[in-house]
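Participant: 3D model of this:
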Amino acid sequence: MTQKTTAAAQRGQYILNRVILAGARFVLREVAHENIVKRGMPLNLQMKWANVGVGKPHHPYVLRLYLLEGTGRPVLSADAKADPRAWLPGEHSLTELIPVPAALEPAHYVIALGLVDPNAQRRPWRLAIAMPEHEGRYEISNVKVE
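Facilitator: You can find the predicted model right below:
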């Protein structure tokens with residue numbers, strides 16, 4: 001490879017890296033919650049997010065939290081109060097309470113989340129996390145409901 005070719009390849013890689021990071025790129029760094037929650041009580045979910053991109057969402061998206069039964073079917077969902085459009089590049093701590101209905105069957109559930117368009121006109125936001133994803137929902141943890 002010549003010096004010109006190497007320089008062109010490096011410029012191309014630099015541009016590609018900038019394109020990949022263009023806009024917002026959300027990473028869930030940490031999640032903490034109780035292992036067991038009683039029916040009728042809220043599940044306290046503490047999260048640390050990072051926007052490792054160079055921008056923010058310009059359209060409204062909501063952070064939707066789910067409890068999934070063993071088959072992956074949502075048994076409840078709740079929208080977080082936080083507005084992801086305010087998550088500029090950097091770190092963001094977030095605490096959300098998921099209301100657990102008193103009538104919910106005692107069982108082990110998967111906690112999942114997704115960044116979704118509240119008007120269902122855009123596909124769910126693709127998060128930069130290495131967790132199982134299905135239909136825009138990322139499985140992040142488990143909890144036992146008693």
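
Participant: ok, which stretches of this protein are helices?
Facilitator: With DSSP state H as the criterion, the chain has helices at 3-21.

Participant: Where do the strands of it begin and end?
Facilitator: Counting by DSSP state E, the chain forms strands over residues 26-32, 36-37, 42-51, 62-68, 74-79, 90-99, 107-116, 133-134, 137-145, given from the N-terminal end onward.

Participant: can you list these in TSV and add mean pLDDT?
Facilitator: Rendered in TSV, the data for those read as follows (pLDDT from 0 to 100):
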stretch	mean pLDDT
strand 26-32	95
strand 36-37	98
strand 42-51	96
strand 62-68	96
strand 74-79	96
strand 90-99	94
strand 107-116	96
strand 133-134	84
strand 137-145	96
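
Participant: wait, which of those is closest to residue 125?
Facilitator: With Cβ to Cβ, the closest approach to residue 125 among those belongs to strand 107-116: 3.6 Å. C-beta coordinates here come from the backbone N, C-alpha and C atoms, glycine included.
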